[in-house]
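Visitor: Sequence and predicted model, in that order:
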Amino acid sequence: MITVENLTKRYGSFTAVDGISFEVRPGSVVGFLGPNGAGKSTAMRMMTGLTPPTSGGSTVLGKPYRDLHNPGRQVGVMLDASAQHPGRTGREVLRLAAIQIGVSRQRVDEALALVGLTDEEAGRRVRNYSLGMRQRLGLASALLGQPEVLILDEPANGLDPQGIHWMRGLLRGFADGGGTVLLSSHLLHEVQVIADDLVMIGRGQIVAQGTKDELLSRGGTTVRSTDDKALHAALRRAEVPVTDIASGLVVDAEPGVVGQIALDERIVLLELRSGGSEGLEEMFLSLTAATSREGTAA
Amino acid sequence: MTTTDTGTEARTPALDPSLVQPTSTPGADGRPGVPMQRLVHVELRKMVDTKAGRWMLIVMSSISLVVVAALLIWGESDEMTYGNFLGFTALPLALLLPILGIMAATAEWSQRTGLVTFTLEPRRGRVVVAKVVAALVLGLVVTAAAFVFAALANVIGAAVGDGSGAWDVTWKVGLGVVLGFAIYVLQGLAFGFVFLNTPFAIVASLLLPTVWTIAVSLVSSLAEPSKWLDLNQVTEPLFSGSMTGENWGQLSTSFGVWVLVPLLLGAWRVMHREVK
């Protein structure tokens, strides 16, 4: 369980995170989406006690992060996979974390096996790791203490497609077992597959928030029939907002509602589908375009 | 949960679901924080498990070795006493021990490992304490090694060469060396915590005392306060085992100015700075 309430961070006159509130329930995966520099990382650093918030606050498992007892056993955190001492081996990095949180040497081997780092790779210095390998090491470190909650900043960064697929499976399984997962990304389609809920942030503010299905169906329903004119009239009579497009109609209602009306009117449907992610994608792209011009990374 | 086997990459293993299950860990409520013993263990390990840390120790011992060997080969017989051997081994250590402390203090920030360290122990004050204890322990080990090494050299000098082999180190000198080294380690830590940047801290810890010494030699009115504020000057009687009451007072004031104040300031910085 993660609760974020009115979390705000200001640097001088620049507001990096502007009063965001959301919740991540146990058993769910929440995708924290936003373009680079939107304030995702700053928000996540505040949730984990690394950055003091200007106002507002957050709790993990019902407590402010700094009040957690041995947080490594309760919350798995990966904020920046490249923030590792280049002179240590992968195994040594995990060994240090294991000593600090009090888990066995055997758990280090388990975690390495879990993320698919071989013995030979674990013995190499982090300096010689690819981004993907560092990402795996970071995940291993987050999973080391068998936590109930995972907070991961851009975990799919640098992973190959198969690695991303594998990570989705891992996080899905973790959430299905009752775990809480918050992961950030600047790629919509990357989290779309795995997240239950989405929180979209731009310029420090939440611009869209809700279950994935809810947000995706916002695009309305696209329908095409043998007699679009008659369908249009019927939808109007049912007081459902409808717009003509080049190939069919876009209706602001569930596909079921549209299908029922068509059935009542005995109109043959050729195509009936949720608007899909186009609307969300468009919104996301406009956010990206707007913030990328500023060129500052938070 | 299963991965498609493309045959090209054996990197993603079949998952054993039990290994990624969220596990509720009952927190011993009322006592947040990682036990100090584990924190000190981790900090000690961090100082010696990197190439930089290991080389630091190797360089320290090698310089001592060379200096002592030089004394063994070219030294006059009456120079080859335990006191001199100890003094020669101690010379490079006095210079390099602060750097050991600095590296322990700054690594979390210069290598950004603080991102992990401070999420695993968000009560940063405890990490600061653990670093101080760990650096002192390592400093003590190095000091003990210097004592043993100097003793060996003294025995060799007397047996093989024409060294006098005199054991002219009193317990006061011995204790003074240990205390002096501890002060140097702490000074390094303090400067490291204040600057949180390895090169800055090293330059400052080497330069500032020197600048102070030069300033004193140029401005005669500084000569009197300097007796109380020059860490190099006030540790001299400590190493020679001739501390007087006034000397202790001078040592305390210098310690306060060069170690305690920066240490407190640095600890405050570590506890309040944003970790990025």
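Guide: Yep, that arrived.

Visitor: before we move on, which element is the residue nearest to A:V242 when sequence neighbours are not counted in?
Guide: Closest residue to A:V242 apart from its sequence neighbours, by C-beta to C-beta, 6 or more residues apart in numbering or on different chains: A:L235 at 4.4 Å. From N, CA and C alone the C-beta is placed, and that goes for glycine too. Following DSSP states H and E, one finds A:L235 within helix A:228-237.

Visitor: what's that helix in contact with?
Guide: Applying C-beta atoms under 8 Å, 6 or more residues apart in numbering or on different chains, the contact partners of helix A:228-237 are A:223, A:225, A:242, A:244, A:248-249, A:251, A:258, A:261-262, A:264-265, A:267.

Visitor: right, and the helix or strand after that helix?
Guide: Sequence order places strand A:242-245 as the next helix or strand after helix A:228-237, per DSSP H and E.

Visitor: Partner strands of that following strand, with direction?
Guide: Strand pairing for strand A:242-245, determined by DSSP bridges: strand A:248-251 (antiparallel).

Visitor: model confidence over the partner strand, on average?
Guide: The average of the pLDDT scores along strand A:248-251 is 80.

Visitor: how about the host helix or strand of B:A151: buried residues?
Guide: Taking DSSP H and E as the definition, B:A151 sits inside helix B:124-159. Using 16 or more other C-beta atoms under 10 Å in any protein chain shown as the test for burial, helix B:124-159 gives B:124, B:126-136, B:138-139, B:142-143, B:145-147, B:149-150, B:153-154, B:156-158.

Visitor: so where do the helices sit in the stretch 101-250 of chain A?
Guide: A:105-115, A:119-122, A:131-143, A:161-176, A:188-192, A:212-216, A:228-237 (DSSP state H, counting those that start in this stretch).

Visitor: Where does pLDDT dip in chain B?
Guide: Residue ranges of chain B with pLDDT under 70: B:1-19, B:25-33.

Visitor: Let me see the ranges of the helices in it.
Guide: B:36-48, B:51-74, B:82-110, B:114-120, B:124-159, B:171-195, B:198-218, B:223-229, B:231-240, B:245-255, B:261-272 (DSSP state H).

Visitor: what's the angle from the first one to helix B:124-159?
Guide: Taking axes from the mean of the first three to the mean of the last three C-alpha atoms, to 10 degrees, one finds that helix B:36-48 is oriented at 60 degrees with respect to helix B:124-159.

Visitor: can you tell if helix B:36-48 touches chain A?
Guide: Yes. Looking at helix B:36-48 against chain A by C-beta under 8 Å from any C-beta of the partner chain, the contacts come from B:R38, B:L39, B:H41, B:V42, B:R45, B:K46.

Visitor: Pipe those residues into CSV and attach neighbour count and distance to B:M103 per row.
Guide: Listed next are those as CSV, based on neighbours: other C-beta atoms under 10 Å in any protein chain shown; distance: C-beta to C-beta, whole Å:
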residue, neighbour count, distance to B:M103
B:R38, 16, 21
B:L39, 25, 18
B:H41, 16, 18
B:V42, 25, 15
B:R45, 17, 14
B:K46, 23, 9
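
Visitor: thinking again about what came up before, which strands and helices sit next to the helix holding B:A151?
Guide: For helix B:124-159, the packing partners by 3 or more C-beta pairs under 8 Å, 6 or more residues apart in numbering or on different chains; DSSP states H and E come out as helix B:36-48, helix B:51-74, helix B:82-110, helix B:114-120, helix B:171-195, helix B:261-272.

Visitor: and the shortest one, what other elements does it pack with?
Guide: Right, helix B:114-120. If contacts are counted by 3+ C-beta pairs under 8 Å, 6+ apart, helix B:114-120 sits against strand A:75-78, helix A:90-101, helix B:82-110, helix B:124-159.

Visitor: repeat that for 10 Å
Guide: On a contact count with 3 or more C-beta pairs under 10 Å, 6 or more residues apart in numbering or on different chains; DSSP states H and E, helix B:114-120 meets strand A:75-78, helix A:90-101, helix A:131-143, helix B:36-48, helix B:82-110, helix B:124-159, helix B:261-272.

Visitor: what do you get for the last one?
Guide: Under the contact definition 3+ C-beta pairs under 10 Å, 6+ apart, helix B:261-272 sits against helix B:82-110, helix B:114-120, helix B:124-159, helix B:171-195, helix B:198-218.

Visitor: Can stretch A:135-148 be said to contact chain B?
Guide: Yes. Using C-beta under 10 Å from any C-beta of the partner chain, stretch A:135-148 reaches chain B at A:R136, A:G138, A:L139, A:S141, A:A142, A:L143, A:L144, A:G145, A:Q146, A:P147, A:E148.

Visitor: got CSV for those residues, with pLDDT, distance to B:L260 and neighbour count too?
Guide: Shown next, in CSV, are the residues of stretch A:135-148 next to chain B (pLDDT from 0 to 100; distance: C-beta to C-beta, whole Å; neighbours: other C-beta atoms under 10 Å in any protein chain shown):
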residue, pLDDT, distance to B:L260, neighbour count
A:R136, 93, 44, 29
A:G138, 95, 38, 27
A:L139, 94, 42, 27
A:S141, 95, 36, 28
A:A142, 95, 38, 26
A:L143, 94, 42, 22
A:L144, 94, 37, 25
A:G145, 92, 36, 26
A:Q146, 91, 42, 23
A:P147, 94, 39, 26
A:E148, 93, 42, 23
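
Visitor: got the contact list for the nearest residue to B:G192 once chain neighbours are set aside?
Guide: Once flanking residues are discounted, B:G192 sits nearest to B:A105: 2.7 Å by C-beta to C-beta, 6+ apart. Applying C-beta atoms under 10 Å, 6 or more residues apart in numbering or on different chains to B:A105 gives the contacts B:128, B:131-132, B:135, B:188-196, B:198, B:201, B:263, B:266-267, B:270.

Visitor: Quickly list the domain ranges of chain A.
Guide: A:2-215, A:221-274 (automatic domain parsing).

Visitor: Enumerate every residue touching residue 95.
Guide: Picking chain A for this. With contact set as C-beta under 10 Å, 6+ apart, A:R95 has these partners: A:R88, A:T89, A:R105, A:V108, A:A122, A:L144, B:V42, B:R45, B:D49.

Visitor: You answered for a different chain; I wanted chain B.
Guide: Shown in contact with B:L95 (C-beta under 10 Å, 6+ apart): B:M60, B:I63, B:Y184, B:L206.

Visitor: so who does the closest residue to the first one other than its chain neighbours touch?
Guide: Right, B:M60. Closest residue to B:M60 apart from its sequence neighbours, by C-beta to C-beta, 6+ apart: B:L96 at 4.8 Å. B:L96 is in contact with B:M56, B:L57, B:V59, B:M60, B:S61, B:I63, B:S64, B:V142, B:Y184, B:G188, counting by C-beta under 10 Å, 6+ apart.
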